[in-house]
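Pasting a predicted model and its sequence here:
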Amino acid sequence: MSAPPAPAPPPAFQPPPAFQPAPAFQPPAAFQPPPAAAPPRGGASSGTSGVRTTTKSLASYGTAFEVIEYEMYRMGKINIQGTSVVLEAGQLHYWLGQIQMQANAPSLGGMAKSFLTKERMVRPIYSGYGDIYLEPTFGDIGFLDLAGNEIWILDKGSFLASDQGVQLGMYTNPMFNSFFGGEGMFQTQVSGVGKVMYWSPGPVERIELQGQTLTVDGNFAVGRTASLDYRVEKATKGLFSSMISGEGMVSVFSGYGSVLLAPMPNRYMTLLGQFGGLHAAIRSISRG
C-alpha cells in the first residue's frame, strides 16, 4: 500500500498592490457651436430671405459669364478683368467695380432702320474691372461658345451680351419669312471667337441636322446656324387645306447645322403668359 501524497506547500506571500490615487478632476470642455454651413456659390443676399445660387457658368480670356438664380428670377452676371463686353441696350441692371460704358451714335441709315424695325441699333460697350449684372428675367439664360467656325442667327430679343471676341451683325430675312414666320425682318447675327449670352422662354434643346428637315409650328426657335436653309411655308400644299387643318404657316429648317429650340416654356413664363393676358383683359374691361 503506497503512502499518501505529501501536502502542497502554502503559496508564497504576495504583498497587496500599492495604493493608486483617483485621477484628478477634469472640467468639461467648453461648448463649441457647430460650424455654420457654407453658403452656395453666389452667396447669400444679406437682409433677404432667399439664397442666390449660380446655376451655370462659362469663363475664358479674362471674362466670366454666370447665371444667378434667385427665387423665381434668373439674372446674368459678367465679370470682366481688363476686358470688354457688349450688352443689348436696356439690359444693364447695375455694376460693381471700375467699369466704363461707351455708346457710339448710330449712322443715319442705322437710325432709320431702327425706327422701321423697332430694333435697337446702339449696343453699349462696358470695359474695365468688376461685375456687371443684367436685368432679372422669368425666362432662361444660356450660352454659346463660338470657336470661329460658325455663324449663328438669334431670334429677335434673344441676344443679351457677348465678349470682345464676338462680331455682331444683322441678318435680313426674306419678306415672306419675316411677315409669316414671326421672326421679323432683321435678326442678330453673331460670329467670331468668344461667348454669347442669350435669353429663351424655357430650357433649350440643341438639335443637330445632318441633311434632315425640321418643321416647327410656333415661334420657339431661339437660334440657328447660318448654314441651314430657313423658310416659312404652308403646313399643307393647299391654302384651304391649311386653314381647315388648323395648322397655318410653319417654319422649316433643313440642311446641315444646328437649331436651338425652347419647346416648353418654364413654369414662370407659362404663368406669366396665362395670367398676364387675363390681367390685361380685366384692365381693358374695367377701363371700358
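Done, it's in. Numbers count the residues shown, from 1 in each chain.

now residue 199: how far from residue 261?
In this view, residue 199 and residue 261 are 14 Å apart by C-beta to C-beta, to the nearest Å. C-beta coordinates here come from the backbone N, C-alpha and C atoms, glycine included.

can you give me the strands for this structure?
Assigned by DSSP state E, the strands in the chain fall at 53-60, 63-70, 73-87, 92-102, 125-134, 140-147, 152-154, 159-163, 166-172, 186-200, 205-216, 221-225, 229-234, 249-261.

Turn the ones you listed into TSV, including mean neighbour count, distance to residue 268 and mean pLDDT.
Below are the strands of the chain laid out as TSV (neighbours: other C-beta atoms under 10 Å; distance: least, C-beta to C-beta, whole Å; pLDDT from 0 to 100):
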stretch	mean neighbour count	distance to residue 268	mean pLDDT
strand 53-60	14	14	83
strand 63-70	20	11	94
strand 73-87	19	8	95
strand 92-102	12	18	96
strand 125-134	17	17	97
strand 140-147	18	10	94
strand 152-154	24	22	95
strand 159-163	25	17	96
strand 166-172	15	28	89
strand 186-200	22	13	93
strand 205-216	12	19	95
strand 221-225	24	17	93
strand 229-234	16	29	87
strand 249-261	18	19	93
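
what's the closest of those strands to residue 267?
Nearest to residue 267, of all the strands of the chain, is strand 140-147, at 11.2 Å by C-beta to C-beta.

what helices or strands is the closest one leaning on?
Under the contact criterion of 3 or more C-beta pairs under 8 Å, 6 or more residues apart in numbering; DSSP states H and E, strand 140-147 touches strand 53-60, strand 73-87, strand 186-200.

Relative to residue 226, which of the ones you listed is closest?
Among the helices and strands packed on strand 140-147, if distance is taken as C-beta to C-beta, the winner is strand 186-200, at 7.1 Å.

Now do the closest one against strand 63-70, angle only.
Put simply, strand 186-200 runs at 60 degrees to strand 63-70, going by axes from the mean of the first three to the mean of the last three C-alpha atoms, to 10 degrees.

any idea of the angle strand 186-200 forms with strand 221-225?
120 degrees.

Partner strands of strand 186-200 and their direction?
When sheet partners are counted by DSSP bridges, strand 186-200 sits next to strand 140-147 (antiparallel), strand 152-154 (antiparallel), strand 159-163 (antiparallel), strand 166-172 (antiparallel).

Now it - C-alpha only, CSV.
Listed next in CSV are the C-alpha coordinates belonging to strand 186-200 (Å, rounded to 0.1, in the frame of the first residue of the first chain):
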residue,chain,number,x,y,z
PHE,A,186,-33.9,91.7,-89.0
GLN,A,187,-32.3,89.3,-86.6
THR,A,188,-29.0,89.5,-84.7
GLN,A,189,-26.1,87.6,-86.2
VAL,A,190,-23.1,86.5,-84.1
SER,A,191,-19.8,85.1,-85.2
GLY,A,192,-16.1,85.0,-84.3
VAL,A,193,-14.5,83.6,-81.2
GLY,A,194,-15.9,84.2,-77.8
LYS,A,195,-19.0,83.8,-75.6
VAL,A,196,-22.6,84.9,-76.2
MET,A,197,-25.3,85.1,-73.5
TYR,A,198,-28.9,84.6,-74.8
TRP,A,199,-32.4,84.6,-73.5
SER,A,200,-35.0,81.9,-74.0
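
pLDDT value on residue 51, please?
What the model reports as pLDDT for residue 51 is 72.

do residue 109 as well
Confidence at residue 109, expressed as pLDDT, is 51.

Please apply the same query to residue 219.
79.

Counting neighbours, what do you get for it?
14 (other C-beta atoms under 10 Å).

same check, this time on residue 149
Residue 149 has 7 neighbouring residues, counting by other C-beta under 10 Å.

cool, and residue 204?
Using other C-beta under 10 Å, residue 204 has 17 neighbouring residues.

Ramachandran coordinates for it?
Backbone torsions of residue 204, given as degrees, to the nearest 10, read phi -100, psi 140.
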